[in-house]
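S.K.: turn this into a model:
(4 chains)
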There are 2 protein chains.
Amino acid sequence: MPDRTLETFFGFFNEIGIIEQLSRALMEARLPDGFLISHFTVLNHLIRVQDGQTPLVLARAFQVPKTTMTHTLAGLEKAGLIEMRPNPADKRSKCVWLTAAGRAFRDQAIAALVPDVDRLRGLIPAEALAELTPKLTEIREILDRDRNPQAR
Amino acid sequence: MPDRTLETFFGFFNEIGIIEQLSRALMEARLPDGFLISHFTVLNHLIRVQDGQTPLVLARAFQVPKTTMTHTLAGLEKAGLIEMRPNPADKRSKCVWLTAAGRAFRDQAIAALVPDVDRLRGLIPAEALAELTPKLTEIREILDRDRNPQAR
DNA sequence: ACTAATTAGTGCGATATCGTACCAAATGGA
DNA sequence: TCCATTTGGTACGATATCGCACTAATTAGT
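M.R.: Prediction:
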């Protein structure tokens, strides 16, 4: 019950939640019908970091339960954007590989967002975001370490 | 395609998304089984701002489609935490009123969160959040004004 | 080497979210 | 006053998310 600490935390997470909703709606409006942020971010991650990763590694990277990742990957595979191959190092496991269509999809998605970002950067200076992001990263890492590290 | 603007925006919204997930998981773990953040935030809003508001006003306050708010309110009403009464000013409309149980539920939910906040404020100084929140509010308001203002 | 515990992935069920379509009431022109 | 449009709310269907439970493979402890 320390003074206004509770309100401070609530207020912060409340803004985070609303911005998340708004930005998700913005992005999904530009993706082809039936595709969600989750699809895009997985493709983007596979390109930026590395493909060939296992579903579980991806689930942990995105902090989602593994069942959710299974579902997302199934959608991407059905759309021909990724390929699931057996993991040579572990017969229980699989590796997720991008297809050419997957790379193209991600590039097109980014291209489709350019007009939005162009418009927004007239309203929100990129420097303001660049300044905030590392602080958010710090908080994200703290929350991440804080939560129960097993499961998911 | 301006230099790294795209990456800056992506990076920012990415952190926002992850923090949102982590904080939601944290809060929902403390709520009674079957209750979600959406339930809590509506109750909290009705107490902090004012009860007697209409579903549509609430939907706009939380930036969710009105169908989503209908569903959330139905859950709260079934649990006896709110009451839906006719709106004397508009026969199509309704007013959402808290019950005593609703107020108690909200108070208990907050009490259940105190240990978490206590722990977190040892890891994240409240001042750091207090400093970030207004900047997030500004961004949220910009995004809000930017998006298509009708619908939802 | 053998068994117990752990780990990777999926199937299934519950339910939250959200778009479309719809009804009823209210509003605004002519 | 009447009709067209707009607005508040809900029903319904589609699907994303997530917890639980299960199988198969791996790892650890003896």
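
S.K.: in chain A, which segments are predicted with low confidence?
M.R.: For chain A, the stretches flagged by pLDDT under 70 are A:1-3, A:148-152.

S.K.: so which residues of it form helices?
M.R.: Here chain A has its helices, by DSSP state H, at A:5-28, A:37-48, A:55-62, A:66-78, A:100-120, A:126-146.

S.K.: neighbouring contacts of the shortest one?
M.R.: Outside of helix A:55-62, the residues that reach it under the criterion C-beta atoms under 8 Å, 6 or more residues apart in numbering or on different chains are A:38, A:41-42, A:45, A:49, A:53, A:65-66, A:68-70, A:73, A:93-94, A:96, A:152, B:18. From N, CA and C alone the C-beta is placed, and that goes for glycine too.

S.K.: ditto for the fourth one
M.R.: Counting contacts by C-beta under 8 Å, 6+ apart, the residues outside helix A:66-78 that touch it are A:38-39, A:42-43, A:55-56, A:58-59, A:62, A:64, A:82-84, A:96, A:102, A:152.

S.K.: try 10 Å
M.R.: Here helix A:66-78 makes contact (C-beta atoms under 10 Å, 6 or more residues apart in numbering or on different chains) with A:34-36, A:38-43, A:46, A:54-62, A:64-65, A:81-84, A:94, A:96, A:98-99, A:102, A:105, A:151-152.

S.K.: got the buried residues for that helix?
M.R.: Neighbour-count burial for helix A:66-78, counted by 16 or more other C-beta atoms under 10 Å in any protein chain shown, picks out A:69, A:72-73, A:75-76.

S.K.: so is stretch A:138-146 next to DNA strand D?
M.R.: No: against DNA strand D, stretch A:138-146 shows no contacts by C-beta under 7 Å from any atom of the strand, the least distance being 14.5 Å.

S.K.: now that stretch, how far from the chain's geometric center?
M.R.: Distance of stretch A:138-146 from its chain centroid, counting by C-alpha atoms, centre = their mean, to the nearest Å, is 16 Å.

S.K.: ok, and does it reach over to chain B?
M.R.: Yes: Stretch A:138-146 is in contact with chain B by C-beta under 10 Å from any C-beta of the partner chain, via A:138-146.
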